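Chemist: fold the following.
(2 chains)
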Number of protein chains: 2
Amino acid sequence: MHATYPARIRLISLIALSIVVPAFCAILAGAQSGSDPLPAWNGGPAKQAILDFVRTTTDKSSPQFVPPDQRIAVFDNDGTLWIEQPAYTQVMFAMDRVPALVEKQPELKEREPYKSILARDHQAMAKFTVQDIEKVVAATHSGMTVEQFKELVSQWLAQAKHPRFKRPYTELIYQPMLEIMQHLRANGYKTYIVTGGGQDFVRAFAQKTYGVPPEQVIGSAAKVKYEYGKDGEPVLVKLPEVLLIDDKTGKPEAINLIIGKRPVAAFGNSTGDQQMLEYTGAGAPGSARLMMLVHHDDTQREFEYGADSKIGTFSEELMSEARQRGWTVISMKNDWKRIFAFESGQSQ
Amino acid sequence: MHATYPARIRLISLIALSIVVPAFCAILAGAQSGSDPLPAWNGGPAKQAILDFVRTTTDKSSPQFVPPDQRIAVFDNDGTLWIEQPAYTQVMFAMDRVPALVEKQPELKEREPYKSILARDHQAMAKFTVQDIEKVVAATHSGMTVEQFKELVSQWLAQAKHPRFKRPYTELIYQPMLEIMQHLRANGYKTYIVTGGGQDFVRAFAQKTYGVPPEQVIGSAAKVKYEYGKDGEPVLVKLPEVLLIDDKTGKPEAINLIIGKRPVAAFGNSTGDQQMLEYTGAGAPGSARLMMLVHHDDTQREFEYGADSKIGTFSEELMSEARQRGWTVISMKNDWKRIFAFESGQSQ
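Modeler: Residues are numbered from 1 along each chain as shown, chains lettered A, B, ... in the order given. Alright, predicted model coming up:
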């Protein structure tokens, strides 16, 4: 009997290992899932609202459990996921495309608003109307295939820099919002971008920057035309005609068109997101919903703006609707430890 | 030393089991994956084309390997996934909605085409123009919320029966096509429906019938309007105005709008699918693509129709383009062992 001990010990060790190793792995995994999924956030009601929402909607024993196929979260882009001041990035892109446009259509050279843009007449440009800007966007975003357009956007984003931060625009995404997206996806949510900006523009960088694939980017869209190229190959050419304006009431309308399901979480920052948040909130009574508004109140680390801004308007009415409907307002100043990934990580 | 044998044997058995059990499971799994994923198909070039395409695009060592995020397959619905004769199912639905429409709008009672529909005047109905039918569809598909409409479709599908087969329309789906969808999905493909029919109509049954969720149903779409209901709740009301016609050139245009990626496999049955197949086929040279056309040539088990049909036109030009571009034509008569799930499974 005595002589069998070493073998027994080996046997017992093997059995013990087969129990201990998986248990140890489970503990490690537990420790990891117990780690903070939102490290760029300061503690507070906003952070807590996100953590609570994800926990309660993914816990099968919760009365507010949301089945995986209904886990749809929608995010506005400009001002919610990345910077939108002093101008929408896409407008910056459009302005930079004007020289190439004029080369193709020289008759535009002497016409406004192109003339002021070419002269870099900032005083005149500051007075541009929405129609002026729309005209420039339509002209610079058409007359090419969808693929060619995305290539132009990629090239531009690789070299353009934000006037204040002197960094590529794709580095000026909000780290705390990226963490929400990642935390939601890690819990079975499908994250969609629902932007007033151009769908093709955002699709050119959303996968790489946010981990959001093209089919989960909804945006304002121009009509395209199916044609045959010079070698007879089919191409989709962008036209200077609007198909969808994905802003205000256009947001829930486009969500219905493209997703066909009502989201359970929605994130915005302006009056353009009001209806998307209302629509998300109007699900079945008693069901879990998360509606959040990013408030730009940090003039030191980013920008401070509200009802006075042409971009990202955050009106008193919106604030009052948020209070009334139980939407969570995120204070960039107080709730965000870090705004951008390149920051030190210390709250200022 | 001798006394240690039993323990050794136990130890060796344990180790052996730890190797044998997974190996056995792998063999079982292998046997399962080796089973025919397309049992409703007769052997032949069409079946082989599908099996080859799936194998070559999912084998990492293949030069034609397609990364998972590019595995997009698109399917026409009427005549490709389910029956479309003697009339589109959605048109049947629209006709059946006319009494309810007239109840709400009695002034339509004496007007054509409603008068003939109410009188069940089949002679007059046979002479309806496309415009007549579009008028009835627009009127019966609007003036209600998106949710209410889907509920009406579900109720109708639960009781309506096909005039020849005396079965619910959702049983008149093609078993061989369902098998393609399932085989593709089992291999990491995302399957989309791209239908000339109404997007909301098809979304009402696509999940249950085909396993395709609403966000993967692309179809012709009416405009919707964001409004506040009588309790102040936001609702999306269907308007009698067209937003998208998802037919012919409209198919690749809508694929671009909603998916933003070029499919690698496309399935259709008529001239309405021509551009979708062309667009799919025009990917990078040398890359794997699968384009297939269902040919309705089985008058005994289903229907036989072609260039003479108003529905599902299969012209000589389309056949010639298929030959030229290497699209596979599926003969329902020869390639399909079973057409519907309720059949015996024997080829006739």
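Chemist: only C-alpha atoms from now on, for both contacts and neighbour counts.
Modeler: Will do.
Chemist: helix, strand or coil: sort out the closest residue to A:Thr170 other than its chain neighbours for me.
Modeler: The shortest distance from A:Thr170 to any non-neighbouring residue, by Cα to Cα, 6 or more residues apart in numbering or on different chains, is to A:Thr209 (6.5 Å). Taken by DSSP: H, G, I helix; E, B strand; the rest coil, the conformation at A:Thr209 corresponds to helix.
Chemist: packing partners of the helix or strand encompassing A:Ala254?
Modeler: Secondary structure assignment for A:Ala254, by DSSP states H and E: helix A:250-258. Applying 3 or more Cα pairs under 8 Å, 6 or more residues apart in numbering or on different chains; DSSP states H and E, we find helix A:250-258 packed against strand A:190-198, strand A:217-228, helix A:274-281, strand B:217-228.
Chemist: who touches that helix?
Modeler: Helix A:250-258 has contacts (Cα atoms under 8 Å, 6 or more residues apart in numbering or on different chains) with A:194-196, A:218, A:244, A:246, A:261-262, A:273, A:275-276, A:279, B:215, B:218, B:221, B:224-226, B:236, B:258.
Chemist: mind running it again at 6 Å?
Modeler: A:Met276 (Cα atoms under 6 Å, 6 or more residues apart in numbering or on different chains).
Chemist: after it, which helix or strand is next? Please name it.
Modeler: Next along from helix A:250-258, by DSSP H and E: strand A:265-268.
Chemist: partner strands of that next one, with direction?
Modeler: Partners of strand A:265-268 in the sheet, by DSSP bridges, are strand A:72-75 (parallel), strand A:290-295 (parallel).
Chemist: redo the ones you listed as a markdown table? Include mean pLDDT.
Modeler: What follows is these, written out as a markdown table (pLDDT from 0 to 100):
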| stretch | mean pLDDT |
| --- | --- |
| strand A:72-75 | 98 |
| strand A:290-295 | 98 |
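Chemist: ok, which of these comes nearest A:Val329?
Modeler: Closest to A:Val329 of the strands paired with strand A:265-268, according to Cα to Cα: strand A:290-295, at 4.8 Å.
Chemist: how much space separates the residue nearest to A:Ala87 when sequence neighbours are not counted from A:Glu253?
Modeler: Excluding the flanking residues, the one nearest A:Ala87 by Cα to Cα, 6+ apart is A:Ile311, at 7.4 Å. According to Cα to Cα, to the nearest Å, A:Ile311 and A:Glu253 sit 22 Å apart.
Chemist: and the two? which has more neighbours close in?
Modeler: More neighbours surround A:Glu253 than the other of A:Ile311 and A:Glu253, with 25 against 19 (other Cα atoms under 10 Å in any protein chain shown).
Chemist: A:Asn42 against A:Asp335, yeah?
Modeler: Yes. Here A:Asn42 reaches A:Asp335: they are 5.1 Å apart, a contact under Cα atoms under 6 Å.
Chemist: what count of nearby residues applies to A:Ser270?
Modeler: Neighbour count for A:Ser270, taken as other Cα under 10 Å: 25.
Chemist: in stretch A:229-245, what's buried?
Modeler: A:Pro234, A:Val235, A:Leu236, A:Val237, A:Lys238, A:Leu239, A:Pro240, A:Leu244, A:Ile245 (16 or more other Cα atoms under 10 Å in any protein chain shown).
Chemist: cool, and stretch A:64-76?
Modeler: Judged by neighbour count (16+ other Cα under 10 Å), stretch A:64-76 contains these buried residues: A:Gln64, A:Phe65, A:Val66, A:Arg71, A:Ile72, A:Ala73, A:Val74, A:Phe75, A:Asp76.
Chemist: before we move on, the earlier item: distance to B:Val98 added to the strands paired with strand A:265-268, as CSV?
Modeler: Output for these, formatted as CSV (distance: least, Cα to Cα, whole Å):
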stretch, distance to B:Val98
strand A:72-75, 36
strand A:290-295, 40
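Chemist: thinking again about what came up before, please identify which of A:Asn42 and A:Asp335 sits among more neighbours.
Modeler: With neighbours defined as other Cα under 10 Å, A:Asn42 and A:Asp335 compare such that A:Asp335 has more, 21 against 18.
Chemist: any idea how far that one is from chain B?
Modeler: Per Cα to the nearest Cα, to the nearest Å, A:Asp335 is found 30 Å from chain B.
Chemist: pull up the residues of chain A that are close to chain B.
Modeler: On the criterion Cα under 6 Å from any Cα of the partner chain, chain B has as its neighbours in chain A the residues A:Thr4, A:Leu11, A:Pro214, A:Glu215, A:Tyr226, A:Pro234, A:Thr249, A:Ile259, A:Gly260, A:Tyr279.
Chemist: switch the cut-off to 8 Å
Modeler: A:1, A:3-4, A:7-8, A:11, A:203, A:214-216, A:218, A:221, A:224-226, A:233-236, A:249-250, A:252-253, A:257-261, A:278-279, A:282 (Cα under 8 Å from any Cα of the partner chain).
Chemist: which residues of chain A score low on pLDDT?
Modeler: For chain A, the stretches flagged by pLDDT under 70 are A:1-34, A:345-348.
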